[in-house]
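Asker: quick one, structure for this:
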Amino acid sequence: MPRRLYPKPCSCNCGGTTKGGEWLPGHDQKLRAAIEGKAGGLVSLKKLVEKTLRCRIKVREG
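Answerer: As a prediction, this is how the structure comes out:
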């Protein structure tokens, strides 16, 4: 039997309601882009995360 989804507020606090997920379509990417912008770009964000978590982020090829 499929799991039942319950509407809930979007995790970006836009005031919208999802159909049961965390985000309205595209709103997770708006958050990602905002975080990336504050960090100074994607490479800077990667370096910041690696420094903070003390681990290397590897990008899978293919």
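
Asker: burial measure for Thr52, as a count.
Answerer: By other CB atoms under 10 Å, the residues close to Thr52 number 8. All C-beta atoms are positioned from the backbone trio N, CA, C, and that covers glycine.

Asker: ok, it to Pro2 distance?
Answerer: 39 Å (CB to CB, to the nearest Å).

Asker: ok, Glu22 next?
Answerer: According to CB to CB, Glu22 and Pro2 sit 18 Å apart.

Asker: which one of these two is surrounded by more residues?
Answerer: Glu22 (12 against 4).

Asker: and the more buried one, which of the three is it?
Answerer: Here Glu22 is recorded as coil under DSSP: H, G, I helix; E, B strand; the rest coil.

Asker: point me to the helix or strand that includes Thr52.
Answerer: Assessed by DSSP states H and E, Thr52 sits inside helix 42-53.

Asker: now do that helix: distance to the chain's middle.
Answerer: The chain centre lies 15 Å from the centre of helix 42-53; the measure is CA atoms, centre = their mean, to the nearest Å.

Asker: what of stretch 17-24?
Answerer: Average the C-alpha atoms of stretch 17-24, do the same for its chain, and the two points are 14 Å apart (CA atoms, centre = their mean).

Asker: same thing with stretch 52-62?
Answerer: Remark: stretch 52-62 is offset 16 Å from the chain centroid, using CA atoms, centre = their mean.

Asker: CA atoms of it as PDB?
Answerer: Taking Å, rounded to 0.1, in the frame of the first residue of the first chain, the C-alpha atoms of stretch 52-62 are listed here in PDB:
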ATOM      1  CA  THR A  52      34.300  22.800   8.400                       C
ATOM      2  CA  LEU A  53      33.700  19.000   8.200                       C
ATOM      3  CA  ARG A  54      37.400  18.100   7.900                       C
ATOM      4  CA  CYS A  55      36.700  15.800   5.000                       C
ATOM      5  CA  ARG A  56      37.300  15.900   1.200                       C
ATOM      6  CA  ILE A  57      34.400  16.100  -1.200                       C
ATOM      7  CA  LYS A  58      35.000  14.000  -4.300                       C
ATOM      8  CA  VAL A  59      32.900  14.400  -7.400                       C
ATOM      9  CA  ARG A  60      31.900  11.200  -9.100                       C
ATOM     10  CA  GLU A  61      32.700  10.900 -12.800                       C
ATOM     11  CA  GLY A  62      30.300   9.600 -15.300                       C
END
